[in-house]
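Asker: 3D, please:
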Amino acid sequence: MKQNVPLSSVDGGTRRFADMTVVGRLANLIKDARLDCECRSRLDEALVRFTALEVRRAAREHLSNARSQRERIEAILFFLQDLDEMGATERDRSVYMDFAFLFDDIASTAKEGAFSMRQLSLSPVQTPP
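Answerer: Numbering: from 1, shown residues only. I've put the predicted structure just below:
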């Protein structure tokens, strides 16, 4: 039942994970409790439903994040259009660094979007409720 679903590929240089192991630990505690009542099957069903909901929630977050990254790249591309009007002999040389930063932003944003898409490709197929 252990499943780590990354929410973001970048968080201060480390990856954050929504740790689904808590559901597994909870299921193990319930199993160890050896409940002999009819509520046991209802509790097992509730855990299965909760796990499915969490997987769907994480998948929606990955898709939303990828869409946000695409929108951000579109906005950056708008500013990069000014590159067509520039020459190699600009007096203010810092403008070249500004464009370099825009390209860096696109690279990191694309990496974030790609990460979300990879995580979405790894998630199990879920049917809508």
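Asker: What is the distance between stretch 115-129 and the centre of its chain?
Answerer: 10 Å (CA atoms, centre = their mean, to the nearest Å).
Asker: Packing partners of the helix or strand hosting residue 76?
Answerer: Secondary structure assignment for residue 76, by DSSP states H and E: helix 39-80. Counting contacts by 3 or more CB pairs under 8 Å, 6 or more residues apart in numbering; DSSP states H and E, helix 39-80 packs against strand 4-11, helix 21-33, helix 94-122. C-betas here are computed from N, CA, C, even on glycine.
Asker: how far is the last one from where the chain is centred?
Answerer: This points to helix 94-122. For helix 94-122 - counting by CA atoms, centre = their mean - the centre lies 14 Å from the chain centre.
Asker: Dump the helices and strands packed on helix 39-80 into CSV; add mean pLDDT, distance to residue 42 and mean neighbour count as well.
Answerer: Formatted as CSV, those follow (pLDDT from 0 to 100; distance: least, CB to CB, whole Å; neighbours: other CB atoms under 10 Å):
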stretch, mean pLDDT, distance to residue 42, mean neighbour count
strand 4-11, 49, 26, 15
helix 21-33, 75, 11, 13
helix 94-122, 95, 31, 14
